[in-house]
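>>> Take this sequence and fold it.
(one chain, ligands or ions: 1)
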Amino acid sequence: MKNTLKIDIVAGTRPNFVKIAALIHSIVEKGNDRIKYRLVHTGQHYSDSLNTSFFEQLNIPQPHINFNVGSGSQAFQTAEIMMKYEMAIIDEMPDLCIVVGDVNSSMATAITAKKMKVKLAHVEAGIRSGDRDMPEEINRIIIDSISDYFFTTTAEAKSLLINQGKHEKNIFFVGNTMIDTLLKFKDHLIEPALFKELGLQNNSYLILTLHRPNNVDDAQKLLQLIETITKNCHNHPIIFPVHPRTEKILNALSIRIPNLNLTPPLPYLEFVYLLEHSKGILTDSGGITEEATLLNIPCMTLRDTTERPETVSLGTNELLGTNPKVIKEALKRLFNGTWKEGKIPDLWDGKTGDRIVEIILNKI
Ligand code: UD1
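Numbers count the residues shown, from 1 in each chain. Take a look at the predicted model:
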């Protein structure tokens, strides 16, 4: 390996920021000045609530470069990011490009890096939901099919990649960078203003988050989900931080339900505070199922599939889908106190970023 390694770290969306925070902190602390990194922000997420607050709260340095791609169709985002990243690679010629997760920004930069002959590493490699209707699943398949190095969150993800013919020497089961960030900031959570404003009590409210196209783009389906949950929550307050994609559809529905409290997306430290003190969460996010497992908070996933099966087999998560009867029955179990206790998956220990840096310095 060269004395100094030039690495691009790519981030474009809210969940990416949580993952790269841990990686950058480890590079700064453990990189022995041998890693020169460039933080490449695609600008897929740009609002204060999805972007700026995460950089501030998680001590992420300002990006070296920002493509400001903004909103648009997936094809528009992909094309814009690819064109801009190509220029950025020509400017700097990194030795390695690291992409995290499964969002459009990760997929677009992965393809560009690989075609420009830059080595490619995927953090959170080898996970699959099996649902090819999800854009994220297509992104995962594409990124893994062209990556040179794979960092996995579970031993199962490593096995999947080996079964797909990847060389074992290039696959590293390192744990979960999102959990690194959670453990690092767990003692610095912030009570959101709405906690007192709404008179919330510990362990006596629910959180709801929904943003998957399959759940929110059809207004009637979204309405049915919300009504099922609000009717079966035993009058507990429900806090619903609304993602911009969901907000557009909700505005058209003009819902007014007394125990449903809509709020803008919360900054990280406030959101995790709310999660840690809640009775349970209903969500279609993947990352939140991991955070709920670590915090031992009951989690109901409103999807038919998950790419994070360990949150179900070991953790507090259950895969409910969107059938009203199933959701009603699960809420009953939550309120009669029979929800399962979770266990913490292997290597969710806060040291994943350090392991990745050690591997970059010594093994690739
Ligand atoms: C993206 C990711 C998803 C991730 C989610 C987390 C893909 C395919 N999807 O979905 O995996 O779980 O982020 O939030 O990459 N918008 C704003 N402000 C912003 C960003 C977006 O208002 O800062 C609006 C856009 O106008 C757009 C909508 O939100 O209409 C969706 O944004 P987009 O980035 O396309 O996808 P997400 O649904 O956020």
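>>> quick one, strands of the stretch 251-364 of the chain?
Under the criterion DSSP state E, counting those that start in this stretch, strands of the stretch 251-364 of the chain are mapped to 260-263, 280-283, 299-301, 317-319.
>>> so can I have JSON lines of these showing distance to the ligand and mean pLDDT?
To be clear about C-beta, it is placed using only N, CA and C from the backbone, and glycine gets the same treatment. Output for the strands of the stretch 251-364 of the chain, formatted as JSON lines (distance: least, Cβ to the nearest ligand atom, whole Å; pLDDT from 0 to 100):
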{"stretch": "strand 260-263", "distance to the ligand": "15", "mean pLDDT": "97"}
{"stretch": "strand 280-283", "distance to the ligand": "11", "mean pLDDT": "98"}
{"stretch": "strand 299-301", "distance to the ligand": "13", "mean pLDDT": "98"}
{"stretch": "strand 317-319", "distance to the ligand": "16", "mean pLDDT": "98"}
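>>> winner for burial among these?
Burial of the strands of the stretch 251-364 of the chain is given as mean neighbour count (mean count of other Cβ atoms under 10 Å); strand 299-301 ranks first at a mean of 27.
>>> what lines up beside that one in the sheet?
Strand 299-301 sits in its sheet next to strand 280-283 (parallel), strand 317-319 (parallel), going by DSSP bridges.
>>> so which of those comes closest to I90?
Checking the strands paired with strand 299-301 against I90 by Cβ to Cβ gives strand 280-283 as the closest, at 40.4 Å.
>>> Can you tell me what sits against the closest one?
Residues outside strand 280-283 that contact it (Cβ atoms under 8 Å, 6 or more residues apart in numbering) are 206-210, 229, 275, 288-289, 292, 297-302, 327, 334, 339.
>>> So T301 sits against T316, correct?
No - checked against Cβ atoms under 8 Å, the pair T301 and T316 is beyond contact range at 10.7 Å.
>>> Assumed K158 was part of a helix.
Yes - judged by DSSP: H, G, I helix; E, B strand; the rest coil, K158 forms part of a helix.
>>> Determine the set of other helices and strands touching the helix or strand harbouring L223.
Here L223 sits within helix 219-231, counting by DSSP states H and E. Contact analysis of helix 219-231 by 3 or more Cβ pairs under 8 Å, 6 or more residues apart in numbering; DSSP states H and E lists strand 206-209, helix 213-216, strand 238-241, helix 244-253, helix 324-335 as its packing neighbours.
>>> Just give me the neighbour total for K114.
By other Cβ atoms under 10 Å, the residues close to K114 number 18.
>>> got the residues of this structure near the ligand?
13-15, 44-47, 50-51, 71, 103-104, 135-136, 211, 243-245 (Cβ under 6 Å from any ligand atom).
>>> switch to 8 Å and redo it
Selection of the chain residues close to the ligand by Cβ under 8 Å from any ligand atom yields 12-15, 44-47, 49-51, 70-72, 74, 77, 101-107, 135-136, 139, 211-213, 243-245, 247-248, 285-287.
>>> So which of those residues sit within strands?
Of the residues of the chain next to the ligand, none are assigned to strands by DSSP state E.
>>> Which among the residues you listed count as buried?
12-15, 44-46, 49-51, 77, 101-107, 136, 139, 211-212, 243, 285-287 (16 or more other Cβ atoms under 10 Å).
>>> Quick check: which ranges of this structure have low pLDDT?
1-2 (pLDDT under 70).
>>> gap between the closest residue to G350 other than its chain neighbours and the ligand?
Setting aside the residues directly before and after it, G350 is nearest to L183 in space (Cβ to Cβ, 6 or more residues apart in numbering), at 3.8 Å. From L183 over to the ligand the distance is 21 Å, taken as Cβ to the nearest ligand atom, to the nearest Å.
>>> again, but for K279
24 Å.
>>> burial of that residue, as a residue count?
20.
>>> How about the contacts made by it?
Residues near K279 by Cβ under 8 Å, 6+ apart: 203-206, 236, 298, 334.
>>> What of R38?
By Cβ under 8 Å, 6+ apart, the neighbours of R38 are 6-9, 64-65, 92, 94.
>>> now those: which count as buried?
Buried members of those, scored by 16+ other Cβ under 10 Å, are 6-9, 65, 94.
>>> got JSON lines for these, with secondary structure too?
Shown next, in JSON lines, are these (three-state DSSP):
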{"residue": "K6", "secondary structure": "strand"}
{"residue": "I7", "secondary structure": "strand"}
{"residue": "D8", "secondary structure": "strand"}
{"residue": "I9", "secondary structure": "strand"}
{"residue": "I65", "secondary structure": "strand"}
{"residue": "P94", "secondary structure": "coil"}
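>>> which of these lies closest to P265?
Nearest to P265 among the buried ones among the contacts of R38 is I9, at 23.2 Å by Cβ to Cβ.
>>> Pretty sure the closest one sits against P94.
No - I9 sits out of contact with P94 when judged by Cβ under 8 Å, with a separation of 9.6 Å.
>>> I'd say N3 and N32 touch.
No - assessed by Cβ under 8 Å, N3 is found out of contact with N32, at 10.4 Å.
>>> quick one: which of the two has more around it?
N32 (9 against 6).
>>> And for the nearest residue to the more buried one once chain neighbours are set aside, the neighbour number?
Distance criterion Cβ to Cβ, 6+ apart; nearest residue to N32, sequence neighbours excluded, is L361 at 7.0 Å. Neighbourhood size, L361 [other Cβ under 10 Å]: 16.
>>> For L361, give me its contacts.
Contact analysis of L361 by Cβ under 8 Å, 6+ apart lists 1, 5, 31-32, 34-35.
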